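> my questions concern the predicted model and sequence given below.
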Amino acid sequence: MFFQPDYPVETARLRLRPFTRGDVDAVFAYRGREDVARFLSDEPITRAECAEIVQQRVGQIFFAREGDRIVLGAELEESGLLVGEVSLIWRHADWQQGEIGYIFHPQVHGRGLATEAAQAMLALGFVSFGLHRISARCDARNTASARVMERLGMRREAHFRDLSRSKGRWDQEFVYAILAEEWRAGSGD
């Protein structure tokens with residue numbers, strides 16, 4: 001099965017679009033920050049690492065097989081400034097499972113942009129691709145990310161303690177999920 005959305009994906013305030021090689025500086029502006037890496041498994045990335053990541057992201061725009069991911073840059077509609085990224089991963093074909101994720105520059109936190117972008121990715125997964133269940137996860141200390149998932153109508157299904165070691169400590173992780181019919185009932189679609 002091949003699936004590629006029509007790009008860009010427009011929301012009220014965002015344009016979700018494929019990455020280009022010219023996005024390295026904008027991505028580095030948030031992925032190179034300690035306050036962004038705090039809740040990720042990796043350290044702040046270097047500009048060279050960022051260039052490699054962006055190069056990978058350029059081709060992550062369709063699903064051809066289970067395990068593929070669509071990763072899009074989140075650009076402010078009003079200015080064209082790239083302020084984050086969102087992803088939809090095809091986790092399991094037979095069970096119609098997916099996973100969403102998001103990372104935004106701290107300068108735009110608190111404006112509902114992550115919720116808006118993630119809602120668009122849920123629509124892609126449920127409406128356009130036909131998934132049955134979509135999950136998301138975050139570091140248990142990342143209360144802002146957990147609130148985004150709750151605003152999306154997702155329910156917390158798990159709290160994994162001492163799940164893995166990262167940055168010299170044991171990590172805890174929340175897992176949230178929503179079913180297609182729950183999403184449709186909550187979104188009015």
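Received, thanks. Residues are numbered from 1 along each chain as shown.

> please count neighbours and contacts with C-alpha atoms only from this point.
OK.

> does the most centrally placed residue in the chain belong to a helix, a strand or coil?
The C-alpha lying nearest the average C-alpha coordinate of the chain belongs to G101 (CA atoms, centre = their mean; 2.2 Å). With DSSP: H, G, I helix; E, B strand; the rest coil as the basis, the three-state label of G101 is strand.

> pLDDT score for it?
G101 carries a pLDDT value of 97.

> ok, it - contacts?
Contacts for G101 were tallied using CA atoms under 8 Å, 6 or more residues apart in numbering; they are V86, S87, L88, A118, A136, R137.

> return the subset of these lying in strands.
When DSSP state E defines the strands, the subset of these inside them is V86, S87, L88, A136, R137.

> what ranges do the helices span in the protein?
Using DSSP state H, the helices of the chain run over 24-31, 34-37, 47-58, 113-123, 143-151, 180-187.

> return the most buried member of the ones you listed.
helix 113-123 (a mean of 22; mean count of other CA atoms under 10 Å).

> tell me the gap between that one and the middle of its chain.
8 Å (CA atoms, centre = their mean, to the nearest Å).

> what packs against that helix?
strand 14-18, strand 82-92, strand 97-104, helix 143-151 (3 or more CA pairs under 8 Å, 6 or more residues apart in numbering; DSSP states H and E).

> change it to 10 Å
Under the contact criterion of 3 or more CA pairs under 10 Å, 6 or more residues apart in numbering; DSSP states H and E, helix 113-123 touches strand 9-10, strand 14-18, strand 69-76, strand 82-92, strand 97-104, strand 133-139, helix 143-151, helix 180-187.

> what sits up against the last one?
What that stands for is helix 180-187. 119, 122-123, 125-127, 130-134, 152-154, 179, 189 (CA atoms under 10 Å, 6 or more residues apart in numbering).

> and the helices and strands packed on helix 113-123 as TSV, adding distance to A158?
Shown next, in TSV, are those (distance: least, CA to CA, whole Å):
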stretch	distance to A158
strand 9-10	31
strand 14-18	29
strand 69-76	23
strand 82-92	17
strand 97-104	15
strand 133-139	9
helix 143-151	12
helix 180-187	18
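
> for these, which has the smallest mean pLDDT value?
Among the helices and strands packed on helix 113-123, helix 180-187 scores lowest, at a mean of 92.

> off-centre distance for that helix?
Worked out by CA atoms, centre = their mean, helix 180-187 lies 19 Å from the chain centre.

> ok, now stretch 136-144?
With CA atoms, centre = their mean, you get 12 Å for stretch 136-144.

> can you check stretch 2-17 too?
On CA atoms, centre = their mean, the centre of stretch 2-17 falls 13 Å from the chain's centre.
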